[in-house]
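In: Build me a model:
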Amino acid sequence: QDTITLETPFQTMRPALGLYRCKIVEFISVVVRTSGEPVFQELVESNAIAKCVDLFFQYPFNNFLHHHVTTIIMSSIETDSAVLLDHLFKAVDLISRFIALYNDDKVPGHGRFEGRVPFVSGNRGHVTMIGAKLIRGVAEGSHLKNILDSHEQWQAWKNGSLRESLWKEDVRCIEVEALG
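Out: Prediction:
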């Protein structure tokens, strides 16, 4: 129900995410991992993937949700499906949303945490992990490369705050040469 709220130290969630929405996102992540182009087209047309991404940003402290949305994005990158990649990186404008998160990733405290140092957004680690995957996807050469090459802010984010985060967090899953 959209009228139920949930108080957390980080925020008041209106509405609470709920078990059903979590399970639907989990189901969509399985479908993306195991299906092909006709199913991808239906997911795009139904706007299901865009809604999952919206939830990812709307609920910055739900690790279960972040895991499944990350799986959707990573699987889309791995399949190199033009339908999924165009939807995620053009229609949903994922890169701009990631950059906005990096530029304003502090979430003010709520309740007993009000007035304290703001929290770093809980989904930032997942965004960093996706960023590392994007670097690898571009290095391999793919449809994704064409999309990212045409995105004005990609290079600045990749060589700026994303690179800094990868070095800070010591992400060893990518080669240093891939960072440029």
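
In: buried ones in the host helix or strand of residue 54?
Out: The secondary structure element spanning residue 54 is helix 48-58 (assigned by DSSP states H and E). Residues 48-53, 55-56 are the ones in helix 48-58 that count as buried (16 or more other CB atoms under 10 Å). (C-beta placed from N, C-alpha, C; glycine too.)

In: And for residue 82, the neighbour number?
Out: The number of residues packed near residue 82 is 15, by other CB atoms under 10 Å.

In: typo on my end, it should be residue 26
Out: Residues near residue 26, counting by other CB under 10 Å: 18.

In: So for the helix or strand containing it, mean pLDDT?
Out: Using DSSP H and E, residue 26 maps to helix 19-34. In this model, helix 19-34 has a mean pLDDT of 95.

In: Roughly how far does residue 67 sit from residue 25?
Out: Distance, residue 67 to residue 25, by CB to CB, to the nearest Å: 9 Å.

In: And those two? Which one has more around it.
Out: Using other CB under 10 Å as the criterion, residue 67 and residue 25 rank with residue 25 on top: 25 against 13.

In: Just give the nearest non-adjacent residue to the more buried one, would you?
Out: Distances taken as CB to CB, 6 or more residues apart in numbering place residue 68 nearest to residue 25, at 4.7 Å, with adjacent residues excluded.

In: Isn't that neighbour up against residue 29?
Out: Yes. Using CB atoms under 8 Å, residue 68 is in contact with residue 29, at 4.2 Å.

In: Please identify which pair of the buried residues of helix 48-58 lies farthest apart.
Out: Across the buried residues of helix 48-58, the longest distance by CB to CB is 13.0 Å; it joins 48 and 56.

In: What is the neighbour count of the closest residue in space to residue 49 that isn't next to it in sequence?
Out: With sequence-adjacent residues excluded and distances taken as CB to CB, 6+ apart, residue 49 is closest to residue 43, at 5.4 Å. The number of residues packed near residue 43 is 21, by other CB under 10 Å.
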